[in-house]
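*Asks:* the sequence and its predicted three-dimensional model are supplied below.
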Amino acid sequence: GTYKDDGDAHSTPGVSCGILVSAGYLHTCALFTDVGKIKCWGSNQYGQLGNGDSTITNVGDAAGEMGSNLAFVNFGLNPKVVDVQTGFDHTCVLFENGKMKCFGRNHHGQLGLSSAVDQITTVYLEGIEDTTFASLGTGRTVVSMSTGSLGMCVILDNKQVKCFGTNLQGQLGLGDKLARGRDANTMGDFLPALNFGTNRHAVRLFRTAGNTMCVLLNTAELKCWGANYEFVLGMGIPKDTVNSDGTISSNTNYIGDQPGEMGDNLIAIALPTGKTVVQLKVVTHVVVIFDDHTMTAWCRGGWNLGNKINGLVGSRLSDMGDDLHLIDLGAANRPVHIMLNWRATVVLFDNGNVVAFGNNQDGSLGSCTSSIYNSGYYIGDVSSDFGGGMRLVDFGTGVKVRALASNAYNHFCVVTHTNEIKCWGMNDAGQLGLGDINTRGIWQFEMGNNIPAVDMGYALAPCAGIGQQPVCIFCPAGTFIASGSVTCTSCP
């Protein structure tokens, strides 16, 4: 099949009735779409919170720092923000005029400024000069952006994809390992567009917390490139090997770091017959939601893959295609959105319930158990953990979830049906926004009614309905791909 993407293309983020949350490594940002403004909290070591002052190390780790004391990021005379995404130590926003501004750490050029200088200052944040925006080509505007940990890919208004930042694993897809955005003459018209093959262009980029990038094409094919940690590329090629000192061994098998690996030579990932990807997240494992609300996963794992065994999926081509297992989520549960980190998979259903499977190190599952010997530390290791026996993440009596954070590293966040933000997991820099540095989700009585909402100092009216996160892709503004369809319809 093919996707309809004619007309004025625009990417509509999966917004929960006014709030979009993105969780970086040690910081979190929330976009309030009614006013087009963001607030950020957590680590500010490199200025990634956008408060113009990196001497303020953390925000949200002590009392009195949240609520009305947490100011909106001041972008001066720039127009409204329509999307926010957090990387490892940087943050990017997309304005409604199609310009993109990134701030925070810039050692790999991940801010797209042809410089390696971190950007922190108020002057930069408020700037309206071209030099304060990521440069992507003469006359070009950004339709959709997708962060990696230390880089970024964007879809432009001419349907081209350009990527910049670190490139040690070929994640920029340019046939080499040279960073883009760090040195002079590497951005703008100097930055090449990616080649996905004859008569193929991107309709959606998928967000990643690692160094693997994936794209959905107008042919409904899925193509991925970059790092192949634990066989995430699903092509049956040998995996990358990470040494004990953090270096990568020389016999690795990246895709996109050598000439001739992209374009028609980049094979599409084999998926089950008749299914089209509408949601995908990749870290050290890959989880996919299809247009019929079924879900699958691959690479090393077991509990976090939902296959009840600790093994490999994707190390052989015979693992893929119609041989991919579909995760048993229960007949009444229709997945609409996912979050991942290295340990866990979190799934939102259209009924507003959330489940998590994997292991509860650092509270990732929110299962309130700290010992591997206790029930709930591993979820997904026995058959009863799936299907009708799935254990729900507890956010309090009567609380339903409308949306998940778009990114996740060591902590997770959700937006509830009452437009409150609740976060759990690691909290060493105050990234949960709760006025302390206590991890949530490990110990008994930390979830449910005991997990407070983040005090944002800005209230939105409750929304009608629950679990209605639309899957929006490269379509006219305000439209999305409905379940079972490959054409654009109006967002609810």
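*Replies:* Thanks, I have the structure now.
*Asks:* show me where pLDDT drops low in the stretch 1-150 of the chain?
*Replies:* Applying pLDDT under 70 to the stretch 1-150 of the chain flags the ranges 1-17.
*Asks:* ranges for the strands of it?
*Replies:* Using DSSP state E, counting those that start in this stretch, the strands found in the stretch 1-150 of the chain span residues 9-11, 19-23, 27-32, 37-43, 58-59, 81-86, 90-95, 100-104, 142-147.
*Asks:* again with the stretch 251-400 of the chain
*Replies:* Counting by DSSP E, counting those that start in this stretch, one finds strands in the stretch 251-400 of the chain at the ranges 277-282, 286-290, 295-298, 335-340, 344-349, 354-359, 378-379.
*Asks:* from those, which stretch is densest packed?
*Replies:* Each of the strands of the stretch 251-400 of the chain was scored by mean neighbour count; the highest is strand 344-349, a mean of 27, by mean count of other Cβ atoms under 10 Å. C-beta: built from backbone N, CA, C; applies to glycine.
*Asks:* what packs against that one?
*Replies:* Applying 3 or more Cβ pairs under 8 Å, 6 or more residues apart in numbering; DSSP states H and E, one finds that strand 344-349 makes contact with strand 335-340, strand 354-359, strand 401-404, strand 411-416.
*Asks:* the same query, at a cut-off of 10 Å, please.
*Replies:* If contacts are counted by 3 or more Cβ pairs under 10 Å, 6 or more residues apart in numbering; DSSP states H and E, strand 344-349 sits against strand 277-282, strand 286-290, strand 295-298, strand 335-340, strand 354-359, strand 401-404, strand 411-416.
*Asks:* name the helices or strands packed onto the last one?
*Replies:* Looking back up the chat, that one is strand 411-416. Judged by 3+ Cβ pairs under 10 Å, 6+ apart, strand 411-416 is in contact with strand 19-23, strand 27-32, strand 335-340, strand 344-349, strand 354-359, strand 401-404, strand 421-425.
*Asks:* surely Phe95 touches Lys37?
*Replies:* No: in this structure, Phe95 is not within contact of Lys37 by Cβ atoms under 10 Å, at 11.3 Å.
*Asks:* now do the shared contacts for these two.
*Replies:* Overlap between the contact sets of Phe95 and Lys37, as judged by Cβ atoms under 10 Å, 6 or more residues apart in numbering, is given by 75, 80-81.
*Asks:* just the closest of those to Met213, please.
*Replies:* Ranked by distance to Met213 (Cβ to Cβ), the shared contacts of Phe95 and Lys37 are led by Val81 at 23.3 Å.
*Asks:* quick one: neighbours of that closest one, just the number.
*Replies:* Number of residues near Val81 (other Cβ atoms under 10 Å) recorded here: 23.
*Asks:* and it, what are its bridge partners?
*Replies:* Applying DSSP bridges to Val81 yields these beta-bridge partners: Phe95.
*Asks:* quick one: contacts for it?
*Replies:* Counting by Cβ under 10 Å, 6+ apart, Val81 touches 20, 29, 31-33, 35-38, 72-73, 75, 93-96, 101.
*Asks:* what's the distance between it and Met339?
*Replies:* Distance from Val81 to Met339, counting by Cβ to Cβ, to the nearest Å: 21 Å.
*Asks:* again with Ile19
*Replies:* Taken as Cβ to Cβ, the span from Ile19 to Met339 is 15 Å.
*Asks:* contacting residues around the closest residue in space to Asp257 that isn't next to it in sequence?
*Replies:* If the residues on either side of it in the chain are set aside, Asp257 comes closest to Gly170, at 2.9 Å by Cβ to Cβ, 6 or more residues apart in numbering. Shown in contact with Gly170 (Cβ under 10 Å, 6+ apart): 176-177, 211-213, 225-228, 252, 254-258, 261-262.
*Asks:* for the residue positioned nearest the centre of the chain, which non-adjacent residue is spatially closest?
*Replies:* Geometric centre of the chain, nearest residue: Asn407, 3.3 Å, by Cα atoms, centre = their mean. Closest residue in space to Asn407, ignoring its immediate chain neighbours: Ser22 at 4.8 Å, by Cβ to Cβ, 6+ apart.
*Asks:* residue contacts, the one you found?
*Replies:* Ser22 makes contacts with 13, 28-31, 38, 40, 83-87, 91-92, 147, 207, 405-408, 413, as judged by Cβ under 10 Å, 6+ apart.
*Asks:* the same query, at a cut-off of 6 Å, please.
*Replies:* 29, 84-86, 405-407 (Cβ atoms under 6 Å, 6 or more residues apart in numbering).
*Asks:* beta partners of it?
*Replies:* For Ser22, the beta-bridge partners are Cys29 (DSSP bridges).
*Asks:* kindly report the same for Thr296.
*Replies:* Counting by DSSP bridges, Thr296 forms beta bridges with Val288, Leu326.
*Asks:* tell me if I'm right that it and Ile289 touch.
*Replies:* No: counting by Cβ atoms under 6 Å, Thr296 does not reach Ile289; the two are 8.7 Å apart.
*Asks:* got a markdown table for the helices and strands packed on strand 411-416, with distance to Gln45 too?
*Replies:* Converted to a markdown table, the helices and strands packed on strand 411-416 look like this (distance: least, Cβ to Cβ, whole Å):
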| stretch | distance to Gln45 |
| --- | --- |
| strand 19-23 | 16 |
| strand 27-32 | 9 |
| strand 335-340 | 24 |
| strand 344-349 | 25 |
| strand 354-359 | 28 |
| strand 401-404 | 26 |
| strand 421-425 | 19 |
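*Asks:* buried among the contacts of Ser22? Make that a ChimeraX selection.
*Replies:* Buried residues among the contacts of Ser22 (16 or more other Cβ atoms under 10 Å), as a ChimeraX selection:
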select :29,84,85,86,405,406,407
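*Asks:* from the contacts of Ser22, pick the one nearest Leu432.
*Replies:* Closest to Leu432, out of all of those and judged by Cβ to Cβ, is Ala405, at 11.6 Å.
*Asks:* what ranges does the stretch 101-250 of the chain have for its helices?
*Replies:* Secondary structure of the stretch 101-250 of the chain (DSSP state H, counting those that start in this stretch): helices located at 122-126.
*Asks:* point out where the stretch 201-350 of the chain drops to low pLDDT.
*Replies:* Residues of the stretch 201-350 of the chain that meet the criterion pLDDT under 70 lie in 229-232, 234-252, 300-318.
*Asks:* hey, which of the strands of the stretch 1-150 of the chain is tucked in deepest?
*Replies:* Across those, the average number of neighbours (mean count of other Cβ under 10 Å) peaks for strand 27-32, which reaches a mean of 27.
*Asks:* now for that one, which elements pack on it?
*Replies:* Here strand 27-32 touches strand 19-23, strand 37-43, strand 81-86, going by 3 or more Cβ pairs under 6 Å, 6 or more residues apart in numbering; DSSP states H and E.
*Asks:* gap between the two ends of stretch 72-86?
*Replies:* End-to-end span of stretch 72-86 (Cα to Cα, to the nearest Å): 16 Å.
*Asks:* how far does that stretch sit from its chain's centre?
*Replies:* 19 Å (Cα atoms, centre = their mean, to the nearest Å).
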